[in-house]
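S.K.: could you work out the structure for the sequence below:
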Amino acid sequence: MSNIRYEIGFEQLSKIDGEAGHKVVDSLKDVCPDLAKYTIEYPFGDIYSRNGLDLKSREIATVAALTALGNCQPQLKVHLHAALNVGCTEEEIKEVVLQMSVYAGFPAALNGMFVVKEVLAERLAD
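M.R.: Next up is the predicted model:
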């Protein structure tokens, strides 16, 4: 039986995160395959596929939220790559993280900016 939510989600994940997203999902399959499936179906199949925002806007919101949480560096790293993949500029990303210093505090913004620095260095090296 085909699961349209999963198919749509997998397509969205591929557009946004490419291999990084697939690696996260694959890493869950041996410990909790249901979480891997839900990670595709709900965020990417149901939410990211909606018409209300484009992918760039969704990634800006995601980067802001993960920065504000302050303890999601692995997920922030994946979504920083995703933001760059869907058209965000380095300047826009840095401004989003800087903006979070006002609402989430300097520690969260500092942690976020260090992840930005890491992601930019990785992309430069590739």
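S.K.: going by C-alpha atoms from here, please, whenever you check contacts or count neighbours.
M.R.: Will do.
S.K.: neighbours of E118, how many?
M.R.: 13 (other C-alpha atoms under 10 Å).
S.K.: so in the protein, which helix runs the longest?
M.R.: For the chain, the helix reaching the highest residue count under DSSP state H is reported as helix 106-125.
S.K.: quick check, distance from that helix to the centre of its chain.
M.R.: Here helix 106-125 shows a centroid-to-chain-centroid distance of 14 Å under the convention C-alpha atoms, centre = their mean, to the nearest Å.
S.K.: contacting residues for the residue nearest in space to the middle of the chain?
M.R.: Within the chain, the residue whose C-alpha comes closest to the C-alpha centroid is H79; the distance, by C-alpha atoms, centre = their mean, is 2.3 Å. With contact set as C-alpha atoms under 8 Å, 6 or more residues apart in numbering, H79 has these partners: D17, E59, T62, V63.
S.K.: among these, which are in strands?
M.R.: In this view, the contacts of H79 have no member that belongs to strands under DSSP state E.
S.K.: so which of those residues belong to helices?
M.R.: Among those, the members falling in helices (DSSP H) are E59, T62, V63.
S.K.: ok, the first one - contacts?
M.R.: The one in question is E59. Shown in contact with E59 (C-alpha under 8 Å, 6+ apart): H79, L80, A82, A83.
S.K.: do the second one as well
M.R.: Neighbour list for T62: H79 [criterion: C-alpha under 8 Å, 6+ apart].
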